[in-house]
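Enquirer: Give me coordinates for this.
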Amino acid sequence: MELAKVKRKDLIYPELSYQILGCAFAVFNEIGPGQLENVYHKALMIALKNDGVGAVTQAYSSIHFQGEVVGKNFFDILVDGKIIVELKRNSSFSRDHIAQVTRYLKASNLTLALLVNFGTNGVQCKRILNL
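Expert: Have a look, this model is predicted:
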């Protein structure tokens with residue numbers, strides 16, 4: 001999948017973000033609406049791999065307090081060690097979805113997460129930043 005070069009300079013990881021979203025749209029276009037979240041997850045991992053994107057499923061990130069590990073997070077997908085991709089299958093994003101991804105970003109000290117929703121009308125995405 002070849003993408004046009006992104007002209008904006010203010011976006012974080014724009015080319016990689018668009019590549020991830022291109023894969024998400026390819027998944028939706030092929031398997032359609034109404035599938036279980038884990039079906040979209042597996043299909044997206046295949047699409048990313050076939051597009052040459054390095055991705056890890058259920059990536060682990062520990063939560064620290066005063067130098068001690070007190071918990072852990074598991075991201076749906078971590079792309080190139082840079083972008084958290086959290087998948088949903090709902091009619092829309094909720095505050096809980098956004099809060100979950102924000103917690104992941106803060107705990108991992110990463111900068112960008114993509115909240116991707118496979119809804120009945122197509123793919124929706126929200127870019128969440130940790131600045």
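Enquirer: So what touches the helix or strand containing residue 56?
Expert: Under DSSP states H and E, the secondary-structure element containing residue 56 is strand 55-65. Contact partners of strand 55-65, identified using Cβ atoms under 8 Å, 6 or more residues apart in numbering, comprise 41, 45, 48-49, 69-80, 84-85, 104, 107-108. For every residue, glycine as well, the C-beta is placed using N, CA and C.
Enquirer: So which elements touch whatever helix or strand comes next after that strand?
Expert: Downstream of strand 55-65, the next assigned helix or strand under DSSP H and E is strand 68-79. Packed against strand 68-79 by the contact rule (3 or more Cβ pairs under 8 Å, 6 or more residues apart in numbering; DSSP states H and E) you find helix 37-50, strand 55-65, strand 83-88, helix 95-108.
Enquirer: buried ones in the second one?
Expert: When burial is assessed from 16 or more other Cβ atoms under 10 Å, strand 55-65 yields the following buried residues: 55, 59, 61.
Enquirer: For the second one, list each beta-bridge partner.
Expert: The residues listed as beta-bridge partners of residue 59 by DSSP bridges are residue 75.
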